[in-house]
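Enquirer: show me the folded form of this:
(one chain, ligands or ions: 1)
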Amino acid sequence: MKDPKDAWGLDVPGYWDPIEIMDPEERRNRIWETLKKQLTYVWNHSLFYRRKWEAVGFHIGDLKSWDDFERLPVTTKDEIRRDQEEYPPFGSNLCVGPGDIYHIHGTSGTTGRPNVFAWTKEDWSYMAKSHARAMWSFGLRPSDRVFIGSVFSLYIGAWGALAGVEQLGAQAFPFGAGQPGQTDRAIDWLMTLKPSAFYGTPSYAIYLAERARQRNIDPREFGLRILFFSGEPGAGIPETKRLIEDAFGGICVDTGSMAEATPWMSNAECEYRSGMHLWQDMVYTEVADPVHYRPVPFGQEGTVIYTHTFRRAQPMVRLLSGDLTCWTNTPCACGRTYPRLPKGIYGRLDDMVTVRGANIYPSQVESVIGEIPQLSHEFRIVVDREGPLDQVTIVAEAMPMGDKVVIERRLRERLKTVLGIRAEVQLLDYGELERTEFKARRVIDRRRR
Ligand SMILES: [Zn+2]
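Expert: Next up is the predicted model:
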């Protein structure tokens, strides 16, 4: 079989593109040249950005240095939503004519009006090539058979995985998810086809493993070598990663930025799984302070901001994710010189619940739950107001053989240490909490009613 790398005229063993191991300063200079072209394109074609920048007195001719770029105002998802309401359906950031639109996707719209995204054929091809590169770094090869266990609808995750697999020249097995009875059929097909790789959300993989065990099938029998994920932070949480790797016997790889910033594999772990690399030449990614939105030094915490280095239909410039992480430039065993997110994306500014002055992230609770083997992976965080005081209850499930009193005590103690406040614990029987084939919703905040 022809190695897809041949098409790129490159020959760097282990790497798809030499830019991955380039001196970081040299790469930054290269990215700067690409970024300048992209921002000029945006200035010339996007009414949305032209207005936004003119409002702060910025003209494209002023863009001389990284500092000028880092002073550009951030864009929020809400801003895009409002703009699309005003200029339906694509908003004033659509930079191409109707004849150039190749695909239309959108956000799930579970909270308010969904955002709509247009792709040109060039955009799609750029995504495919970017994803193939990231997939190569975590070990996918043309001989792999890739089971895509994710919803094929407006959600770009499944399509992005498919485009990458096709570009890589591997075997695409776009099974999907979300239909009644589909998990059982997935198990049958996994047993019959024995794919070597799996894509989905971490909560779905965990549910799939549970369901298989209920049918007396060990998930290791699927023979999966690589499981890669996006859509949720779980694959970057050490306890969840270990749980998935133990269940399936393959490596668990965390990837993903946000739908609006696609190609979303511009954040992706390599086969060493030491935190997602920021493939900044694919999408220029900064970790910035959440007040002034200027990049923070390596080693510090901030929120992630994305800028397309290539996007024709609906380019994003300094798109604010609201995701929390910290970044580092310490070397990775793979030799790639990109910055890394050693703890993954561990929180969202809007997922965070503040209870009696303490900030609680679902990922913190997920890591505590994962430490205790007598608990299933499912949980909910319920916040109530009792009189003047906020009360937080962690609802979890005890496995059938566990001693509930002992488990409850251990859970309560660990939560106090990790969260810094006292949390109530409610233990249900195994299987009582609803499972998801897509993204889990963990927080129930009753104070908002
Ligand atoms: Zn690496």
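Enquirer: all strands for the stretch 251-400 of the chain, in order.
Expert: Shown for the stretch 251-400 of the chain, the strands assigned by DSSP state E, counting those that start in this stretch span residues 251-254, 267-268, 276-278, 283-288, 301-308, 319-326, 340-341, 347-348, 353-355, 358-360, 375-386, 389-398.
Enquirer: ranking those strands by mean pLDDT, which is last?
Expert: Of all the strands of the stretch 251-400 of the chain, the minimum mean pLDDT falls on strand 347-348 (a mean of 78).
Enquirer: and the pLDDT for the residue nearest to G256 when sequence neighbours are not counted?
Expert: Nearest in space to G256, with sequence neighbours left out and distances taken as Cβ to Cβ, 6 or more residues apart in numbering, is S230 at 3.0 Å. (C-beta placed from N, C-alpha, C; glycine too.) Note on S230: pLDDT of 95.
Enquirer: repeat for the one 5 residues further on
Expert: We note a pLDDT of 93 for A235 in this prediction.
Enquirer: isn't the residue nearest to G256 right up against T262?
Expert: No - S230 is beyond contact range of T262, at 10.3 Å (criterion: Cβ atoms under 8 Å).
Enquirer: dump the strands of the stretch 251-400 of the chain to JSON lines, plus distance to Y199 and mean neighbour count.
Expert: Converted to JSON lines, those look like this (distance: least, Cβ to Cβ, whole Å; neighbours: other Cβ atoms under 10 Å):
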{"stretch": "strand 251-254", "distance to Y199": "10", "mean neighbour count": "25"}
{"stretch": "strand 267-268", "distance to Y199": "12", "mean neighbour count": "30"}
{"stretch": "strand 276-278", "distance to Y199": "15", "mean neighbour count": "27"}
{"stretch": "strand 283-288", "distance to Y199": "19", "mean neighbour count": "23"}
{"stretch": "strand 301-308", "distance to Y199": "21", "mean neighbour count": "23"}
{"stretch": "strand 319-326", "distance to Y199": "20", "mean neighbour count": "22"}
{"stretch": "strand 340-341", "distance to Y199": "20", "mean neighbour count": "24"}
{"stretch": "strand 347-348", "distance to Y199": "22", "mean neighbour count": "18"}
{"stretch": "strand 353-355", "distance to Y199": "30", "mean neighbour count": "17"}
{"stretch": "strand 358-360", "distance to Y199": "30", "mean neighbour count": "18"}
{"stretch": "strand 375-386", "distance to Y199": "19", "mean neighbour count": "19"}
{"stretch": "strand 389-398", "distance to Y199": "26", "mean neighbour count": "19"}
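Enquirer: looking at those, spot the one closest to the ion.
Expert: Each of the strands of the stretch 251-400 of the chain has some distance to the ion by Cβ to the ion; the shortest is strand 276-278, at 5.7 Å.
Enquirer: most centrally placed residue in the chain?
Expert: Centroid check for the chain by Cα atoms, centre = their mean gives G256 as the closest residue, at 3.0 Å.
Enquirer: state the phi and psi torsions of that one.
Expert: When read as degrees, to the nearest 10, the backbone of G256 gives phi 120, psi 140.
Enquirer: quick check: it touching T262?
Expert: No - applying Cβ under 8 Å as the test, G256 and T262 come out as separate, 9.7 Å apart.
Enquirer: what does the stretch 301-449 of the chain have sitting close to the ion?
Expert: C332, C334, R336 (Cβ under 5 Å from the ion).
Enquirer: try 8 Å this time
Expert: C332, A333, C334, G335, R336, Y338, R340 (Cβ under 8 Å from the ion).
Enquirer: just the buried subset of the residues you listed, please.
Expert: C332, C334, R336, Y338, R340 (16 or more other Cβ atoms under 10 Å).
Enquirer: for the closest residue in space to W16 that isn't next to it in sequence, grab phi and psi.
Expert: Counting by Cβ to Cβ, 6+ apart, W16 lies nearest to R133, which is 4.2 Å off, once chain neighbours are set aside. In terms of degrees, to the nearest 10, the main-chain angles of R133 are phi -60, psi -50.
Enquirer: got the contact list for R133?
Expert: W16, D17, E20, W279, M282 (Cβ atoms under 8 Å, 6 or more residues apart in numbering).
Enquirer: can you count the residues close to E210?
Expert: 18 (other Cβ atoms under 10 Å).
Enquirer: same question for the one 4 residues further on.
Expert: When neighbours are counted by other Cβ under 10 Å, Q214 registers 11.
Enquirer: over to R50?
Expert: For R50, the count of nearby residues is 18 (other Cβ under 10 Å).
Enquirer: heads up, I number from 170, so please use that
Expert: In the new numbering, first residue 170, that becomes R219.
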